[in-house]
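1. Okay, predicted coordinates and the sequence, questions at the end:
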Amino acid sequence: MSDAGNGDALRRLVAEKEDATNSGRPRKRRRFVRALGVAVLVLVLLLGVMKVTDVAMTASERAANPAPGVMVDVGGRRMHVHTVGQGETSIVLLPGLVTSAPVLDFEPLTQELSRWARVTVVEPFGYGWSEGSDSPMLPGDVARDVHTALHGAGVPGPYVLMGHSIAGLYSQKFIETFPGEVSGFVGLDPTNPVTASPPEDDWQASFLFGGLTTLARLGGVRVVQAIRGVDSSLLEQGYSRENVDKQAMLTSWNVMSPEMVRQWKSLREALEQTKELRFTQDLPVLVFASRDREKREGGDALRAYAGEGQCHRVETLDASHYVHHEQHTRINEVTRAFLTECGTMTP
């Protein structure tokens, strides 16, 4: 065969290989697209099943577990108010951000306080057994809603407000708006509007927050709880197994509710609304600070927040931010002694 013939044969062979390669690429792409489509379809079906299961379970659980307190009309929506105890002193407990089941979360502390005081837990909109609402959930809104709920439930004042975390802001606004109805304030590691920093507003935080919200809305909380199991730390801190199981149930109902999301996103505005507020000298103020808060802010900042005067005091506890989980007995003892000393209650 001539060199020319050999060259023609080689070119034909190369061309045939190129044709085979080019024809194989579309087939590989089609297989990849088909596999991707199947994976997406399976994921959508799983998410759909998870959401439907969550909706069905929530409806069943709500029917089987009615609110232990009273449901009060607040601006056309119902808010849950739960009161125990018969003492003359009226203590009102307000929860921190993302505390999905306030009545249950406060239960060990409530049991202690109710031996000598009337203790009321108010669950804001989107928390516990309370309904949702379109409230902006800023300090002024929450303070007015809590005031309406207390009066609607027939809870007599004046009130000793006991607020955990961000509820410190709501308590300060309540005191400013209804000063004649408050006889004292007890902060459970409360947010200090002067020293607190709003959450970082960057794309990573927004993406993470959005992802967690989406997961919660699709019913993923139940899956996470099933994998994680019982929160044994609460059992060690004095919570009953029934309480812990119910807290998990209400968390699946409420965590990352629209109201909680609005609270988180408007935290900067909430701090701005309250940063100029101060406790008056004639109002007894007792602040329970966690060990981390005391290290982070320092004693001077905490004392400045509590205010000046004999009945303005800071008590540092060897506890985490949820001081009432670990130190409910100590909080009860110190609160009772403090209110007695400051004339807010009779011995």
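-> Structure received.
2. what's the spacing between Thr89 and Val182?
-> 13 Å (C-beta to C-beta, to the nearest Å). (C-beta placed from N, C-alpha, C; glycine too.)
3. now Ala67
-> From Ala67 to Val182 the distance is 26 Å (C-beta to C-beta).
4. who has more neighbours, these two?
-> Val182 (22 against 16; other C-beta atoms under 10 Å).
5. pretty sure the more buried one is in contact with Met162, am I right?
-> No - judged on C-beta atoms under 8 Å, Val182 makes no contact with Met162 at a distance of 11.3 Å.
6. what mean pLDDT does whatever helix or strand Glu315 lives in have?
-> Using DSSP states H and E, Glu315 falls within strand 312-317. Mean pLDDT, computed over strand 312-317, is 96.
7. For Gly184, what is the enclosing helix or strand?
-> Using DSSP H and E, Gly184 maps to strand 182-188.
8. pLDDT of the host helix or strand of Arg29, averaged?
-> Counting by DSSP H and E, the element that carries Arg29 is helix 3-64. Per-residue pLDDT over helix 3-64 has a mean of 74.
9. same question, stretch 228-246
-> Mean predicted confidence for stretch 228-246 is 92.
10. what's next to it, contact-wise?
-> Stretch 228-246 has contacts (C-beta atoms under 8 Å, 6 or more residues apart in numbering) with 65, 101, 104, 107-108, 247-248, 325-326, 328.
11. so where's the chain shaky on pLDDT?
-> Residue ranges of the chain with pLDDT under 70: 1-25, 201-205, 345-347.
12. Swap in 80 and give it another go.
-> 1-30, 32, 36, 39, 41, 43, 47, 50, 198-209, 344-347 (pLDDT under 80).
13. Number of residues surrounding Leu208?
-> Leu208 is flanked by 10 other residues according to other C-beta under 10 Å.
14. and it, that's in a helix?
-> Yes - judged by DSSP: H, G, I helix; E, B strand; the rest coil, Leu208 forms part of a helix.
15. Can you give me the separation between it and Glu297?
-> For Leu208 relative to Glu297 (C-beta to C-beta), the value is 26 Å.
16. go on, Thr274?
-> For Thr274, the distance to Glu297 - C-beta to C-beta - is 16 Å.
17. okay, these two: which has more neighbours?
-> In terms of neighbours (other C-beta under 10 Å), Thr274 is the more surrounded of Thr274 and Glu297; the figures are 23 against 17.
18. Let me see the ranges of the strands in the stretch 101-250 of the chain.
-> In the stretch 101-250 of the chain, the strands defined using DSSP state E, counting those that start in this stretch lie at 117-123, 159-164, 182-188.
19. Can you lay out those as CSV showing distance to Leu267?
-> Compiled in CSV, the strands of the stretch 101-250 of the chain are given as follows (distance: least, C-beta to C-beta, whole Å):
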stretch, distance to Leu267
strand 117-123, 20
strand 159-164, 15
strand 182-188, 17
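20. Thanks a lot, catch you later.
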